[in-house]
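Participant: Generate coordinates for the sequence data below:
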Amino acid sequence: MILCIKTDSADAELYLYDNKRRLIDAITWYAHRELAVTLLTTVEKLVNKNKSNLSHLQGVVVYSGPGSFTGLRIGVSFANTLAYGLGTSVIGASGAEWIVDGLDQLDTFDDSNRLVVPNYGSDVHITTPRK
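Facilitator: Got it, this is the predicted structure:
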């Protein structure tokens, strides 16, 4: 199975595909400020609902941007960590066809412990801490 993750906005999206690129299941939920709290439990819920577990994941595709700084940071970090922990590949993709592009890249990917880096769409503006 392949897990696809999109966390660029207040509504987070998860998609589960089989090895033949058929959509098994999907879930969208309003995560907003609770994304860091709800992402792992929602992934587990999706995988378990389909009578499987995380160890059966053979790849992770994550939407890498552009989008919300915090949403992308959480989603991409989660995808990198999950793939590393499972010893599988992680692919970052963007655009309207991000899932198709990501699945295509997984087919030809040379697994060399590559990490996905988020694309925020503009320079990150970090404010000066208040005293």
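Participant: CA atoms only for stretch 8-19, dumped as CSV, please.
Facilitator: Output of stretch 8-19 as CSV, limited to C-alpha atoms (Å, rounded to 0.1, in the frame of the first residue of the first chain):
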residue,chain,number,x,y,z
ASP,A,8,-1.3,22.4,3.0
SER,A,9,-4.5,23.9,4.3
ALA,A,10,-6.9,23.6,7.3
ASP,A,11,-8.4,20.5,5.7
ALA,A,12,-6.0,17.6,5.8
GLU,A,13,-6.3,14.8,3.3
LEU,A,14,-5.1,11.1,3.4
TYR,A,15,-5.3,8.6,0.5
LEU,A,16,-4.5,5.0,0.6
TYR,A,17,-3.6,3.3,-2.7
ASP,A,18,-2.8,-0.3,-3.6
ASN,A,19,0.2,-1.4,-5.7
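Participant: thought L54 was touching L82?
Facilitator: Yes: between L54 and L82 a contact is recorded at 7.4 Å, counting by Cβ atoms under 8 Å. Glycine gets a C-beta too; all of them are placed from N, C-alpha and C.
Participant: what do those two both touch?
Facilitator: Common contact partners of L54 and L82 (Cβ atoms under 8 Å, 6 or more residues apart in numbering): V43.
Participant: Compare neighbour counts for those two and give me the winner.
Facilitator: Neighbour totals were compared for L54 and L82, and L82 leads with 20 against 15 (other Cβ atoms under 10 Å).
Participant: That one: helix or strand, and which one exactly?
Facilitator: Taking DSSP states H and E as the criterion, L82 maps to helix 69-86.
Participant: Just the residues contacting that helix, thanks.
Facilitator: 3, 5-10, 12, 31, 35-36, 39-40, 43, 54-55, 57, 59-66, 89-90, 92, 113, 115-120, 124.
Participant: In terms of helix, strand or coil, where does the residue nearest to A31 when sequence neighbours are not counted fall?
Facilitator: Leaving aside its sequence neighbours, A31 sits nearest to A12 (Cβ to Cβ, 6 or more residues apart in numbering; 4.0 Å). Recorded secondary structure, A12: strand (DSSP: H, G, I helix; E, B strand; the rest coil).
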